[in-house]
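Asker: Quick one: sequence and predicted model below, then my questions.
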Amino acid sequence: MFTVEDRKVTSEEFTFEYKKNNINNEEAYTKKDVDNYLNLFINFKLKVHEAFQRKMDTISLLNREFNSYKNQLKKPYLSNDEFNQSMIEEAWERYQKEVRASHILIRVDEHADPIDTLKAWETIHSIYQKALQENDFNDLAMRYSQDPSVKINQGDLGYFTSMQMVYPFESAAFHTPVGGISKPFRTNFGYHIIKVNDVRPARGKIEVSHIMARINNPSDSLVQQQAKNKIFEIAERLEAGYDWDEVCKLYSEDFGTRNKGGRLPAFTVGTMPPTFVEASFALSAQGQISDPFETPFGWHIVRLEKVYGLGTYNEMKPVIASRIERDQRSELSERALIKKLIRENGFEEHPSASKEAEKFVSDYLPGRMEGIHNVGGNIALFTIGTEVYGLKQFKSFIDQEWKKRANREDRNWDVLYSDFKEFSIIKYEEGKLSEKYPEYKLLLQEYREGILLFEIMNSEVWSKASSDSIGLKAYYNQNRDKYIWNERAEMDIFSSEDADLIKKIEEYIKNNPKSTKERVDSVFNGEGNVSLQIENKKVEKEDEDYFKKIPFEKGIYLIEIADKYVLVRINDILSKDRKKLEEIKGKVIADYQAYLDLKFIEELKNKYTVQINKKALKNVQKDLSH
């Protein structure tokens with residue numbers, strides 16, 4: 001369809017990428033949209049070509065990442081016992097640990113249009129750059145994460161173990177060192193980055209009973225205090241010797257368990273609120289009762305009933321295997337695949353193959369008969385397609401497998417030979433995947449080029465914009481007139497869900513016109529009104545949240561915003577003014593990145609020749625347009 005220098009881009013690839021990024025997008029599939037996408041795709045391919053020219057495809061770290069992805073990608077097309085076993089062992093190894101991690105999520109649907117996907121990608125990369133430079137990851141999570149739970153946990157997910165998160169998220173968490181921040185990655189929820197806060201040995205399952213004082217309205221400080229008072233009164237009764245089951249039946253507000261002594265099913269980390277898990281595992285003796293503690297659902301007291309531990313590998317293996325069958329780790333059974341591949345690829349075994357294999361294994365024992373290094377003549381055992389597999393390939397297979405099978409029964413000749421046949425069938429199929437499955441080939445290419453794009457964009461745009469302070473300042477100075485504050489009001493803002501409290505503050509300010517917001521804070525928050533929020537900020541005249549409801553002039557105004565009562569005291573009116581770099585550094589960095597990107601594309605267009613096959617383009621436009 002077009003070339004960048006001598007690098008060809010086919011109509012098939014363009015159509016695949018276009019359709020993939022426009023699923024359920026009814027506004028796409030017009031000639032104009034196809035042309036716009038072509039321009040974006042050409043820019044993408046120019047950057048990838050430059051990355052190849054700089055030999056970025058030879059960077060070992062990137063190749064390891066690509067090979068890791070390739071191994072994951074082929075799993076939907078291939079499934080075998082070796083793979084399943086490796087997944088079981090990986091899950092078992094991860095079950096030995098509990099990871100505590102924080103994350104930041106930028107939501108994007110897995111079938112989102114290219115523009116939204118690109119925006120999400122750029123957003124998470126911008127946050128990733130900030131995370132590498134700033135110490136407070138949870139603060140970044142509060143500012144940027146689109147995970148609804150961030151309001152409660154500040155991005156901290158607490159401890160979790162294997163198979164409690166989607167697999168890409170789990171892998172990122174277990175591959176990131178303590179204190180480290182993962183590179184951005186994608187799940188079906190969107191783009192993430194993770195910071196691993198701690199890793200500790202797993203503690204397995206535990207069973208407890210609990211008594212609960214529910215908080216039905218967490219924002220109501222009176223309700224919170226009442227629940228707290230109630231749970232401490234219950235704790236005093238238990239300390240005085242009252243029967244647990246009777247107290248639970250009378251006072252617990254977990255109505256599903258109160259008549260069962262508060263007994264809960266056994267649980268692990270990641271399945272209950274973190275504070276509940278930590279309080280439960282802190283108990284060491286059966287029957288021991290905890291101090292009262294709080295979760296997002298209320299106040300609790302727990303009693304230890306039983307500690308199960310993790311379980312042995314043999315106990316856990318069938319559970320893990322069962323879960324893997326339903327997990328994204330595995331989609332096909334190897335047995336079914338082997339039979340299918342024998343039919344599709346053509347497998348023909350030579351009549352004397354079994355005897356030759358048996359004789360060879362009897363004669364050749366790795367590590368015992370040092371004189372046998374080569375197999376003369378490479379006697380053929382079987383063919384797959386047009387490829388012949390003989391004793392030389394069988395010897396190589398045994399050399400690889402012998403040590404793995406120490407003290408195992410599958411060292412005998414017939415098992416080795418059978419496994420060699422299956423191994424060869426799978427390896428042959430792996431070599432044909434790109435030919436048999438165009439989507440597989442395109443996905444591999446897409447990922448390799450995506451890695452290269454990230455590397456070159458990080459080099460030429462993202463890192464440069466963040467680290468080039470001189471260039472950033474020069475860009476700001478050249479574009480200062482873009483960054484102008486409109487007329488603003490400098491104001492103190494007092495907000496609460498308690499209308500009476502806000503009215504008291506209004507009366508206080510009117511009677512004490514020189515009182516500062518700090519003074520108001522000390523007077524009213526000092527009374528324990530934790531529902532009161534106070535801030536000072538500068539708000540532009542165009543902000544409809546405020547100035548659709550109040551005049552743009554000094555004064556005291558009472559309004560409602562987002563179900564809260566808000567008292568606004570406008571202290572000063574500020575005229576239009578240029579924004580200082582330090583006030584809007586994030587915005588300027590983003591604009592500077594966009595500028596560097598455009599400049600980079602311009603340089604590449606001048607450097608490389610792009611030729612479009614007009615006939616192919618016309619056919620693609622016809623095929624894709626409504």
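Answerer: Done, it's in.
Asker: Buried residues of the helix or strand that contains Lys359, list them for me.
Answerer: Assigned by DSSP states H and E, Lys359 falls within helix 353-363. Within helix 353-363, the residues scored as buried using 16 or more other CB atoms under 10 Å are 353, 356-357, 360-361. Using the backbone N, CA and C atoms, a C-beta is placed for each residue, glycine as well.
Asker: Please put the alpha-carbon coordinates of that helix into CSV.
Answerer: Presented in CSV, the C-alpha positions along helix 353-363 are these (Å, rounded to 0.1, in the frame of the first residue of the first chain):
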residue,chain,number,x,y,z
ALA,A,353,11.1,-45.7,13.5
SER,A,354,10.1,-47.3,16.8
LYS,A,355,12.9,-50.0,16.6
GLU,A,356,15.5,-47.4,15.6
ALA,A,357,14.4,-45.1,18.5
GLU,A,358,14.5,-48.0,21.0
LYS,A,359,17.9,-49.1,19.9
PHE,A,360,19.3,-45.6,20.0
VAL,A,361,18.1,-44.9,23.5
SER,A,362,19.5,-48.3,24.6
ASP,A,363,22.9,-47.5,23.0
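Asker: and for the next helix-or-strand element following it, what are the contacting residues?
Answerer: Next helix or strand after helix 353-363 toward the C-terminus (DSSP H and E): strand 380-384. With contact meaning CB atoms under 8 Å, 6 or more residues apart in numbering, strand 380-384 is reached by 345-350, 353, 356-357, 388-391, 393-394, 417, 421, 424-425, 428.
Asker: Can you flag the buried ones in those?
Answerer: Listed as buried from the contacts of strand 380-384 are 345, 347, 353, 356-357, 389-391, 393-394, 417, 421, 424-425, 428; burial here means 16+ other CB under 10 Å.
Asker: doesn't His300 fall inside a strand?
Answerer: Yes: under DSSP: H, G, I helix; E, B strand; the rest coil, His300 sits within a strand.
Asker: That one reaches Pro273, doesn't it?
Answerer: No: the criterion here is CB atoms under 8 Å, and His300 misses it with Pro273 at 9.2 Å.
Asker: Between these two, which is the more surrounded one?
Answerer: Between His300 and Pro273, counted using other CB atoms under 10 Å, the more crowded position is His300 (25 against 17).
Asker: List the contacts of that one.
Answerer: For His300, the contact set (CB under 8 Å, 6+ apart) comprises 210-213, 231, 276, 279, 290, 292-294.
Asker: Between those residues, which sits nearest Glu401?
Answerer: Phe276 (47.6 Å; CB to CB).
Asker: Could you count how many residues lie near the closest one?
Answerer: 22.
Asker: who's in contact with it?
Answerer: 210, 293, 295, 300, 302.
Asker: how much space is there between it and Leu283?
Answerer: From Phe276 across to Leu283, the span is 12 Å (CB to CB, to the nearest Å).
Asker: three-state assignment of Ser522?
Answerer: Assigned state for Ser522: helix (three-state reduction, three-state DSSP).
Asker: still on that earlier bit, touching both of Phe276 and Leu283, which residues are there?
Answerer: Val302.
Asker: neighbour-wise, which of the contacts of His300 leads?
Answerer: Ile211 (30 neighbours).
Asker: Excluding sequence neighbours, find me the nearest residue to that residue.
Answerer: Excluding its sequence neighbours, the residue lying closest to Ile211 (CB to CB, 6 or more residues apart in numbering) is Ser252, at 4.4 Å.
Asker: check contacts around that neighbour.
Answerer: Contacts of Ser252 (CB under 8 Å, 6+ apart): 210-212, 258, 262.
Asker: burial measure for Lys32, as a count.
Answerer: Number of residues near Lys32 (other CB under 10 Å) recorded here: 10.
Asker: Which helix or strand contains it?
Answerer: helix 31-53.
Asker: Show me what that helix is packed up against.
Answerer: strand 2-4, strand 7-9, helix 11-20, helix 438-457, helix 585-607, strand 610-612, helix 614-624 (3 or more CB pairs under 8 Å, 6 or more residues apart in numbering; DSSP states H and E).
Asker: Buried residues, that helix. List them.
Answerer: 33-34, 37-38, 41-52.
Asker: And for Asn217, the neighbour number?
Answerer: Neighbour number of Asn217 under other CB under 10 Å is 10.
Asker: so it, which of the three states?
Answerer: Secondary structure, three-state DSSP: Asn217 is coil.
Asker: contact partners of stretch 19-36?
Answerer: Applying CB under 8 Å, 6+ apart, the contact partners of stretch 19-36 are 18, 37, 111-114, 117, 620-621, 624-626.
Asker: What subset of those is buried?
Answerer: For the contacts of stretch 19-36, a burial check counting by 16+ other CB under 10 Å picks out 18, 37, 112-114, 117, 620, 624.
Asker: Over to stretch 124-143 now: how far is its first residue from its last?
Answerer: This stretch, stretch 124-143, spans 12 Å end to end (CA to CA, to the nearest Å).
Asker: pLDDT (mean, whole number) over it?
Answerer: Mean per-residue pLDDT for stretch 124-143: 91.
Asker: chain center to that stretch: distance?
Answerer: On the basis of CA atoms, centre = their mean, to the nearest Å, stretch 124-143 sits 14 Å off its chain's mean C-alpha point.
Asker: how about that stretch: buried residues?
Answerer: For stretch 124-143, a neighbour-count test (16+ other CB under 10 Å) marks 124-131, 137-138, 140-141 as buried.
Asker: Generate CSV for the residues you listed, with distance to Asp399 and secondary structure as supplementary columns.
Answerer: Listed next are these as CSV, based on distance: CB to CB, whole Å; DSSP: H, G, I helix; E, B strand; the rest coil:
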residue, distance to Asp399, secondary structure
Ile124, 45, helix
His125, 45, helix
Ser126, 50, helix
Ile127, 48, helix
Tyr128, 44, helix
Gln129, 47, helix
Lys130, 50, helix
Ala131, 46, helix
Phe137, 48, helix
Asn138, 52, helix
Leu140, 51, helix
Ala141, 50, helix
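Asker: what's the closest of those to His103?
Answerer: Nearest member of the buried residues of stretch 124-143 to His103, counting by CB to CB, is Ala141, at 7.3 Å.
Asker: show me what contacts the closest one?
Answerer: 102-104, 147, 150, 154-156.
Asker: Understood, closing this out.
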